[in-house]
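S.K.: Sequence below, structure please.
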Amino acid sequence: MLSHKQIAIIFILATIPFAFYTFLRPDLSGYDSYAFLTQSCGQFTLQGTPIIADFVLKNIPCNIYAIKGILFLLFYASLLGIASLGSLFHKEKGWYAAIFSFLAPTLFFFAIRFENDQLAYPLLIWATYFFYKSRITKEKKYDLYALALIVFAAGFWYGAIYFLLAFATTSIVLLIPGITALGIYGQKIIGNTIPINTVNESLPFVGLTHIFGLALGFTLLPIMLIPQTAIFLILLIAQQKFAWMIVPMLSVGTMLFYVNPKLDKNKWANFAKGVLLTAAIACMVAWGLSASEQAPHSHTWEAIDYAIEQIENTNSRTVQNDWDLGYFIIYKGGVPSQYGGGQQFEFEKGIAITKHDQNNCVTLKQFEDLNVVECY
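M.R.: Model (predicted):
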């Protein structure tokens, strides 16, 4: 169990990057965040959202600061889960795993997005804690706790099934549910794991760059963590959106490197350990500052506002757009020609906002990488 002092320290650690994110930018980070924000604001209804997530998202206040507060609490719960997981492997300093998780940007950058996935992440990290607690204590009831959390998490994000399948490889209790889920959803699982070069979050190999700071975690990874770590490594290689899954395991491995008594006799190892801890703390600030530079940018909003103004002078209600800008336009009260999907269509006559050159369009105004054009 974590002490009150450790819980308080982790709260402060979670607050540092989120404070920068909250006060340095007035909006949310991420493209899909605005799909769910427009749903919370009653502007748009997303199809295919898991039932529990759909209920929660429709009842979250339409207020960006309230949403950031909720995201902060989810992030804090995730860090507590990682700290608790670390404490299974080192009673006194296991909670340092939460600190070392900041060596990779992926956990924080996923946490600041407002999507249904984020509602499931803390549940799945705590499911990971109970799964390995079952391995250590030999008490099968903790496997049942892990299973219950995974099932509940699936009500927020269908990707929870990856945890079920990963854990089923070394758990008799989870094996039957895992086989059942694979039989029912196997084809869909394979389809959702295949890399997609046209969608940023589904690019292959890029996920490796997200966990580079935790590379030391592979060196002293406990044997019981290896099967699931290997599965999550394969997933992040396939699509970068899976990179956060491996962070708890590698954070534990990094913590065990830090506390390894064999390294205390080597002055260079002691120096490296000091650098490691300092780097993790510095990353808390770095990721928080970086959050202010994530898309959408201020010029994106300026371009969308300008495009909507130009529409008022035409006979059309629709702003033609690149597919990834659709949810932003909805949030601003406009009607986009497309949203989501990853496909780009030719523009017809009217006003459009785009990053790409169009042969049948004339630029009205440029906003850095975005052009508001009129097409003929």
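S.K.: What count of nearby residues applies to residue 223?
M.R.: As a burial measure, residue 223 scores 6 neighbours (other C-beta atoms under 10 Å). To be clear about C-beta, it is placed using only N, CA and C from the backbone, and glycine gets the same treatment.
S.K.: Would you check how far apart it and residue 135 are?
M.R.: Shown here: residue 223 relative to residue 135, a distance of 10 Å by C-beta to C-beta, to the nearest Å.
S.K.: in the stretch 251-376 of the chain, which spans are helices?
M.R.: Counting by DSSP state H, counting those that start in this stretch, the segments of the stretch 251-376 of the chain that form helices are 267-291, 298-311, 326-331.
S.K.: and those, which is most packed in?
M.R.: helix 326-331 (a mean of 24; mean count of other C-beta atoms under 10 Å).
S.K.: Tell me which other helices or strands that one touches.
M.R.: Under the contact criterion of 3 or more C-beta pairs under 8 Å, 6 or more residues apart in numbering; DSSP states H and E, helix 326-331 touches helix 33-40, helix 298-311, strand 335-336.
S.K.: Give me the contact list for it.
M.R.: Contacts with helix 326-331, where a contact means C-beta atoms under 8 Å, 6 or more residues apart in numbering, come from 31-32, 34-35, 37-38, 41, 43-44, 296, 300-301, 304, 307-308, 319, 321, 335-340, 353.
S.K.: Can you show me the CA trace of that helix as CSV?
M.R.: Only the C-alpha atoms of helix 326-331 are listed here, as CSV (Å, rounded to 0.1, in the frame of the first residue of the first chain):
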residue,chain,number,x,y,z
GLY,A,326,-14.2,18.7,-39.4
TYR,A,327,-14.8,18.5,-35.6
PHE,A,328,-13.1,21.9,-35.1
ILE,A,329,-15.6,23.5,-37.6
ILE,A,330,-18.5,21.9,-35.8
TYR,A,331,-17.3,23.2,-32.4
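S.K.: Run the chain-centre distance for that helix.
M.R.: A distance of 21 Å separates the C-alpha centroid of helix 326-331 from that of its chain, computed with C-alpha atoms, centre = their mean, to the nearest Å.
S.K.: try stretch 100-108
M.R.: The gap between where stretch 100-108 is centred and where its chain is centred comes out at 11 Å by C-alpha atoms, centre = their mean.
S.K.: mean confidence for it?
M.R.: Here the mean pLDDT over stretch 100-108 is 97, rounded to a whole number.
S.K.: Same question for stretch 236-254.
M.R.: Along stretch 236-254, the predicted local confidence has a mean pLDDT of 97.
S.K.: Just give the closest residue to the residue nearest the centre of the chain, not the sequence neighbours.
M.R.: For the chain, the residue nearest the mean C-alpha position is residue 110 (2.3 Å; C-alpha atoms, centre = their mean). Of all residues not flanking residue 110 in the chain, residue 244 sits nearest, at 4.8 Å (C-beta to C-beta, 6 or more residues apart in numbering).
S.K.: Give the full set of residues in contact with that neighbour.
M.R.: Contacts for residue 244 (C-beta under 8 Å, 6+ apart) come out as 106-107, 110, 121.
S.K.: Show me where this structure has its strands.
M.R.: For the chain, strands defined by DSSP state E occupy the ranges 318-321, 335-336, 350-354, 361-367, 370-375.
S.K.: and the first one, C-alpha only, in PDB?
M.R.: Once non-C-alpha atoms are left out, strand 318-321 reads as follows in PDB (Å, rounded to 0.1, in the frame of the first residue of the first chain):
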ATOM      1  CA  THR A 318     -21.100  24.200 -45.700                       C
ATOM      2  CA  VAL A 319     -17.400  24.900 -45.200                       C
ATOM      3  CA  GLN A 320     -15.400  22.500 -47.300                       C
ATOM      4  CA  ASN A 321     -12.500  21.200 -45.400                       C
END
